[in-house]
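S.K.: when you get a sec, could you give me coordinates for this:
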Amino acid sequence: MRLLIGCGGTGGHIYPAISIAHALKEQFADVELLFVGAKGGMEMDIVPAAGYPIAMIDIKGLQRKKNIQNIWLPFLVLKSFYQARKIIKLFKPDVVIGTGGYACFPTLFAAYSQKIPTLIHEQNGSAGLANRLLSRLVTKICTGYPAVVFPCAQEKIIFTGNPVRPSMYMYMPKKEQAEALRYFNLSPSKKCLLVVGGSGGASQLNTTILSGIDKLHALHIQLLWITGDRYFASMDGAISSHNRDNFIRCYPFLTHMEMAYAAADVVIARAGAISIAELCVTQKPTILVPSPNVVGDHQTKNSLPLANQGAAILLTDQDCPRLLLPTAIALLNNIEQQLALVKQMHTFALLHANALNRIIEEIFTLAKCNRNDCISQKNL
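M.R.: Okay, the predicted model is just below:
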């Protein structure tokens, strides 16, 4: 079985693709995998580091603010389409999969043009532009949330949940916390707050945490802080004079997020769909702060099912300067509230824990049908 996977742009698109690839390798010894990514995208580093080959196409995203660079986008889309067609002709995949990012649209469109079965996975509660455009063309759509709206036949949509890296299950709550704290050279006798701004970082989270560092130190709260690449230099420089007792660990990005989750007593995070799935399966008391700068306000939509069920605390970006630190400190000191949040996460944890199996089953069915020439176009 030969499978082509298009992904990129952010960790929220790349890591689901890698999770799917790992699961395929575990279940099918003869599977051959090739990724497709955008030139200059973070996937060009992350995918090879995970052990998979990746081909490159020349595509960039739409600049949503008025930008002269958008003039070249139609030419890049056309160029990348022909590049993807060439990759497909050489690799001859049984199924082409897309998990989001700039590289997905030309790759999946090229596969459709060559009558190859296709599957996309939409992680968020609101579908992105590329996946909405592709929905009429692809064979199957898997979603991380129920009732995601697409302009296509509903029969091709299946609610699977979001795939989580198997490494997330290695460090379950509390059991391995002491080991994880030693990994970061932090004290097992002090509370630990993890702050995650997503692969791109979060300016509001960073500035709010920076303003409260002295208070965290006074309360003997340790800080694991993932700033994002673009903010790391300024944040790391700003904390150098505050990091008394070496109680802060500051990183631009962490590959082994399972260790960070294991070390944390409480997590502050943006509300990317994959981050939420990881927090659910690792059972972490969480404060979610959706980014206001995403298409369709999809991070708020990602957060609402948990917040409405009492499985996470939801704060707006605007409320961060006033409420974030007091809320986090109160939660760190309230074990009963932590346990109540985690208890309400169980349903979501089970959902996401089974997502990979559901997605792999759909991929295998498409591959089997392709070999038997039974893929129908009736749902387009």
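S.K.: and the contacts of whichever strand or helix holds L306?
M.R.: Using DSSP states H and E, the element containing L306 is helix 298-309. Outside of helix 298-309, the residues within contact range by C-beta atoms under 8 Å, 6 or more residues apart in numbering are 124-126, 128, 145, 270-273, 276, 280, 286, 288, 290-291, 311-314, 344-345, 347-348. (Each C-beta comes from the backbone N, C-alpha and C, glycine too.)
S.K.: try 7 Å this time
M.R.: Here helix 298-309 makes contact (C-beta atoms under 7 Å, 6 or more residues apart in numbering) with 124-126, 270-273, 276, 288, 290-291, 312, 314, 344, 348.
S.K.: also stretch 273-286?
M.R.: 12, 15-16, 123-124, 144, 162, 164, 168-169, 173, 196, 198, 257, 261, 264, 266-267, 269, 302, 306, 312, 331, 338, 341-342, 345, 348-349, 352-353.
S.K.: buried stuff in the host helix or strand of P106?
M.R.: Under the criterion of DSSP H and E, P106 resides in helix 104-113. Within helix 104-113, the residues that count as buried by 16 or more other C-beta atoms under 10 Å are C104, F105, P106, T107, L108, F109, A110, A111, Y112.
S.K.: and if you look at stretch 228-236?
M.R.: Buried, per 16+ other C-beta under 10 Å, within stretch 228-236: G228, Y231, F232, M235, D236.
S.K.: of the residues you listed, just say which sits nearest to E43.
M.R.: Checking the buried residues of stretch 228-236 against E43 by C-beta to C-beta gives G228 as the nearest, at 16.5 Å.
S.K.: so what pLDDT did the closest one get?
M.R.: pLDDT, G228: 87.
S.K.: cool, and S303?
M.R.: According to the model, S303 scores 94 on pLDDT.
S.K.: then L33?
M.R.: 97.
S.K.: what helix or strand does S19 sit in?
M.R.: helix 11-27.
S.K.: what comes up buried for that helix?
M.R.: Those would be 11-24, for helix 11-27 by 16+ other C-beta under 10 Å.
S.K.: likewise for stretch 193-212?
M.R.: Buried, per 16+ other C-beta under 10 Å, within stretch 193-212: 193-206, 208-210, 212.
S.K.: just the ones of those residues in helices?
M.R.: S203, Q204, L205, N206, T208, I209, L210 (DSSP state H).
S.K.: got a quick ChimeraX command for the buried subset of the contacts of helix 298-309?
M.R.: The buried subset of the contacts of helix 298-309, as determined by 16+ other C-beta under 10 Å, is captured in ChimeraX by this line:
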select :124,125,126,270,271,272,273,276,288,290,291,312,314,348
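S.K.: which one of the contacts of helix 298-309 is nearest to I360?
M.R.: Out of those, the member with the shortest distance to I360 (by C-beta to C-beta) is A273, at 18.7 Å.
S.K.: can you pull the contacts of the nearest residue to that closest one once chain neighbours are set aside?
M.R.: Spatial nearest neighbour of A273, chain neighbours left out: Q123 (3.7 Å); criterion: C-beta to C-beta, 6 or more residues apart in numbering. Counting by C-beta under 7 Å, 6+ apart, Q123 makes contact with G12, P16, G100, G144, N162, A273, I274.
S.K.: now do L216
M.R.: L193, L223.
S.K.: which is the succeeding secondary structure element to the helix or strand harbouring it?
M.R.: Per DSSP H and E, L216 falls inside helix 213-218. Following helix 213-218 in sequence order, the next helix or strand is strand 221-226 (DSSP H and E).
S.K.: angle of the helix or strand following that next one against strand 221-226?
M.R.: Next helix or strand after strand 221-226 toward the C-terminus (DSSP H and E): helix 229-239. With axes from the mean of the first three to the mean of the last three C-alpha atoms, to 10 degrees as the basis, helix 229-239 and strand 221-226 are set at 150 degrees to each other.
S.K.: other SSEs contacting whichever helix or strand comes after helix 229-239?
M.R.: Going down the chain from helix 229-239, the next helix or strand is strand 248-251, by DSSP H and E. In this structure, strand 248-251 packs against strand 221-226, helix 229-239, with contacts taken as 3 or more C-beta pairs under 7 Å, 6 or more residues apart in numbering; DSSP states H and E.
S.K.: report all helices and strands that the first one contacts.
M.R.: With contacts defined as 3+ C-beta pairs under 7 Å, 6+ apart, the packing partners of strand 221-226 are strand 191-196, strand 248-251.
S.K.: CSV please, covering those strands and showing mean pLDDT.
M.R.: Below are these laid out as CSV (pLDDT from 0 to 100):
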stretch, mean pLDDT
strand 191-196, 96
strand 248-251, 93
